[in-house]
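Enquirer: make a model of this:
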Amino acid sequence: KTAEAGAHGEFEPFKTSSIFDGTAQNPDWLGEEPERIQQLMSA
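Expert: You can find the predicted model right below:
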């Protein structure tokens, strides 16, 4: 299905962007970073 579009350098926004990504639209779904990751970020 995508061979013709790909041959012309086109791409599918569904696969190559965050437009349709529910988690990207709602980052709070991921919750807080674990304590050890928070410590790495403050170092």
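Enquirer: OK, contacts around the residue nearest the centre of the chain?
Expert: For the chain, the residue nearest the mean C-alpha position is Ser18 (5.2 Å; CA atoms, centre = their mean). Listed by CB atoms under 8 Å, 6 or more residues apart in numbering, the contact set of Ser18 reads 24-25. In short, each C-beta sits where N, CA and C put it, glycine included.
Enquirer: state the distance from it to Ala43.
Expert: Using CB to CB, to the nearest Å, Ser18 is found at 28 Å from Ala43.
Enquirer: ditto for Gly6
Expert: Distance, Gly6 to Ala43, by CB to CB: 42 Å.
Enquirer: just Asp28 next, same as before
Expert: Taking CB to CB, one finds Asp28 at 25 Å from Ala43.
Enquirer: again, but for Glu33
Expert: Separation of Glu33 from Ala43 (CB to CB): 13 Å.
Enquirer: higher neighbour count, the two?
Expert: Glu33 (11 against 5; other CB atoms under 10 Å).
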